[in-house]
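**Q** Quick one: sequence and predicted model below, then my questions.
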Amino acid sequence: MNECIRVLNAARDKLYAGIINNTLSKSEINFEITCIKTKEEFLQVVKDFKYDIVFSDDEVTGLNGFDIIGELKREKKDCYFIVLTPLNAEKGRLNYNEKDRPE
């Protein structure tokens, strides 16, 4: 059995949350997902952060994906991070920039 990947999905609307959930559900990845929509919800989960990967909309109510990255770095949390932007969704394409893992 595959190890369970712990996913935090920070998205302001159901479209982004659904894209991640549907994509992972169609894969052979064993995952557990937590969805949040607001800064307050993020501040609660960061206290007991236990995620392997974070998917974030570029804007979550009260903060943006880059604020989330900054907070995770300040708290010394180690995970992969992917920011989704409406520009990519509107043009129907996927672009990404690979960055080093957080220190």
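**A** Great, that's in hand.
**Q** The helix or strand hosting Gly70: what's the following helix or strand?
**A** Using DSSP states H and E, Gly70 sits in helix 65-74. Downstream of helix 65-74, the next assigned helix or strand under DSSP H and E is strand 80-84.
**Q** Walk me through which strands that next one pairs with, and which way each runs.
**A** Partners of strand 80-84 in the sheet, by DSSP bridges, are strand 53-57 (parallel).
**Q** Return the distance of the strand it pairs with from the chain's centre.
**A** 1 Å (Cα atoms, centre = their mean, to the nearest Å).
**Q** can you map out the helices along the chain?
**A** Listed in chain order, the helices of the chain (DSSP state H) span residues 14-26, 39-47, 65-74, 86-91.
**Q** need the least confident one among those, by mean pLDDT.
**A** Mean pLDDT values for the helices of the chain show the minimum at helix 86-91, a mean of 50.
**Q** one step back: could you give the angle of the helix holding Gly70 to helix 39-47?
**A** With axes from the mean of the first three to the mean of the last three Cα atoms, to 10 degrees as the basis, helix 65-74 and helix 39-47 are set at 30 degrees to each other.
**Q** hang on, the earlier thing: right, and the helices of the chain - which one's nearest Phe55?
**A** helix 14-26 (4.9 Å; Cβ to Cβ). In this view, the C-beta of every residue, glycine as well, is placed from N, C-alpha and C.
**Q** Give the other helices and strands that the helix holding Gly70 contacts.
**A** Using 3 or more Cβ pairs under 8 Å, 6 or more residues apart in numbering; DSSP states H and E as the contact test, the elements touching helix 65-74 are helix 39-47, strand 53-57, strand 80-84.
**Q** any idea which of the ones you listed is most buried?
**A** strand 53-57 (a mean of 24; mean count of other Cβ atoms under 10 Å).
**Q** Only alpha carbons, please: show that strand as PDB.
**A** What follows is strand 53-57 as a C-alpha-only set of coordinates in PDB (Å, rounded to 0.1, in the frame of the first residue of the first chain):
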ATOM      1  CA  ILE A  53       2.200  19.500  -0.100                       C
ATOM      2  CA  VAL A  54       0.200  22.700  -0.200                       C
ATOM      3  CA  PHE A  55      -1.900  23.800  -3.200                       C
ATOM      4  CA  SER A  56      -3.000  27.400  -3.000                       C
ATOM      5  CA  ASP A  57      -5.100  29.700  -5.100                       C
END
